[in-house]
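Got a predicted structure here, sequence first:
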Amino acid sequence: MSDSPIDVVLIGGGIMSATLGALIQRVQPDWSIRLYENLGEVAQESSNPWNNAGTGHAALCELNYMPEAPDGTVDPAKAISINEQFQLSRQFWSSLVAAGDLPEPSTFINTAPHMTFVHGRDNVRYLRKRYEALKDQPLFEGMEYTEDPAVLAEWTPLLTKKRNPKQRVAATRVPAGTDVDFGSLTRSLVDNLESRGAVIALNHKVRGIKRTKDGLWRIKVRYQVGHTPHEVTARFVFVGAGGGALHLLQKSGIPEIDGFGGFPISGQFLRTSNPKIVAQHQAKVYGKAAVGAPPMSVPHLDTRVVDGQSSLLFGPYAGFSPKFLKTGTWWDLPGSVRPKNLIPMLAVAKDNFDLIKYLVGEVLANRAKKVKALQEFMPTAKSEDWELITAGQRVQVMKKDAKKGGVLQFGTEVIASEDGTIAGLLGASPGASTAVPIMLDVLKRCFPDRYDGWLPTLEKLVPTIGTTLNDRPKEARRVIESTAETLKISV
């Protein structure tokens, strides 16, 4: 270990750190980079393919991005914004594939139609309105709608077999959706980081972060094999440690983290690899969340392609655990409480009784109840064909609010110091799918004096950076076709 400062330290071996490292290596190749990962492999928490749905969130099927307003209207603005962000991620991945810096695209991205499926009169009415609001938007070109069970059966027969013919159903479908294995993508990005000179330190747990008198960051690290402690200094630190980011940002002492808390939500999925079942369903099908359920708990029946093997995943079944990471401890939640975030956390608890009630119900649900929820999507589902797996932990952001005292935020938030020498990411969905625009935002906020000089390189990697596509139909079509060709996915 050298005593000289490291230019960039990345904490956490997930998709966020890997993406930021890849960007920095291309705009500032002379900078030294070191990535610390607590576990023996990268991408073992939220970026692991079995710890997330791998949707490639583009708002093509997720209803929580377009809730129905009290007056009955639906606004497509949020859905369009999420899709715009996913297009930036696609462009970056495409650029790396074209340069030979990422492997065969099918190792991390594959075509999987994105569908939304609802039943019941009110839900059918809502989905029809959502379709009408999106069908003419350029980024949602090709969206189809049906209330005909025969058409739905052609799209994916598992939704209609043995379903009550009197039940009103509706669905939308976008054939050019994607399934993304963020574990494979992260590993490939990290391998490329290392090949370009970055140091990847596995089994290294960051225990503390403290600013030094000369403006650098002193980082305490423990090597988990032998428990050997040491310290390094860094000019810039990014905390991409998933649920572990809150604790580390609190230890840094930056005032920007004051008032932030975390609300952990665990999850489980039912999974089958039975080839006879998998062959009948090739799509990601999202439904409507239960009352009080967090957006990350929207039920969905997904095609997953992991290590070349196709499976079906249904869930998630949300639950509660005080752990902030799947490999965390029971002290994570109580250990995150500070005088400056106690009031916001108590306010969130007071105002989110429906969520707490929902989580308690999910924790108490037995296997039969879980299978019954699956059968609402797939009436022919049999318990013996499905195994229950534990997914990753999600830590939702709790923050101060002038009116309510505190609010629970279902999204991601970048926390950065005023001088831009340290930043971290809190929150969950849409997360991995929008890693590229989130990390571009980190570069812009933390390196304002360098960003303009980096922009020509960034524009080659992400051609539509700083612009939008949905208001330029011809350009949207050209960019989508170009990235689809390189990534070998459907248009």
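Received the coordinates, thanks. Numbering: from 1, shown residues only.

now the helix-or-strand element of the chain with minimal mean pLDDT: how far from the chain's centre is it?
For the chain, counting by mean pLDDT, DSSP states H and E, helix 353-364 ranks last in confidence among helices and strands (a mean of 76). Offset of helix 353-364 from its chain centre (Cα atoms, centre = their mean, to the nearest Å): 23 Å.

now do stretch 472-480
25 Å.

which parts of it are buried?
475-476, 479-480 (16 or more other Cβ atoms under 10 Å). In short, each C-beta sits where N, CA and C put it, glycine included.

Show me which residues of the least confident helix or strand of the chain are buried.
For helix 353-364, a neighbour-count test (16+ other Cβ under 10 Å) marks 355, 358-359, 362 as buried.

Stretch 3-22 too?
The neighbour-count check on stretch 3-22 (16+ other Cβ under 10 Å) flags 5-6, 8-22 as buried.

Would you mind measuring the gap between the ends of it?
24 Å (Cα to Cα, to the nearest Å).

Point out where the stretch 51-200 of the chain drops to low pLDDT.
53, 56 (pLDDT under 70).

Okay, helices next: where are they in it?
77-98, 121-134, 149-155, 182-195 (DSSP state H, counting those that start in this stretch).

Just the residues contacting the last one, thanks.
Outside helix 182-195, the residues that touch it by Cβ atoms under 8 Å, 6 or more residues apart in numbering are 13-15, 18-19, 21-22, 25, 33, 35, 41-43, 47-49, 52, 54, 93, 96, 101-103, 107-109, 200, 306-307, 432.

Sketch out the low-pLDDT regions of the stretch 251-400 of the chain for me.
Within the stretch 251-400 of the chain, the ranges that satisfy pLDDT under 70 run 290-297.

Residue most distant from the centroid, this protein?
Distance from the centre of the chain peaks at Lys166, with 37.0 Å (Cα atoms, centre = their mean).

ok, Gly253 - contacts?
With Cβ under 8 Å, 6+ apart, Gly253 has these contacts: 210-211.

mind checking how far it is from Ile422?
10 Å (Cβ to Cβ, to the nearest Å).

Now the residue nearest to the spatial centre of the chain. Nearest residue, chain neighbours left out?
Most central in the chain under Cα atoms, centre = their mean is Gly431, positioned 2.7 Å from the mean C-alpha point. Leaving aside its sequence neighbours, Gly431 sits nearest to Thr412 (Cβ to Cβ, 6 or more residues apart in numbering; 6.0 Å).

Leu425 versus the one you found, what's the distance?
On the measure of Cβ to Cβ, Thr412 and Leu425 end up 6 Å apart.

Now for those two: what residues contact both?
By the contact definition Cβ under 8 Å, 6+ apart, Thr412 and Leu425 are jointly contacted by Ile438.

Which one's more surrounded, the two?
Between Thr412 and Leu425, Leu425 has the larger neighbour count (other Cβ atoms under 10 Å), namely 27 against 18.

any idea of the angle the helix or strand harbouring Arg477 forms with helix 77-98?
Using DSSP states H and E, Arg477 falls within helix 473-487. Using axes from the mean of the first three to the mean of the last three Cα atoms, to 10 degrees, the inter-axis angle of helix 473-487 relative to helix 77-98 is 40 degrees.
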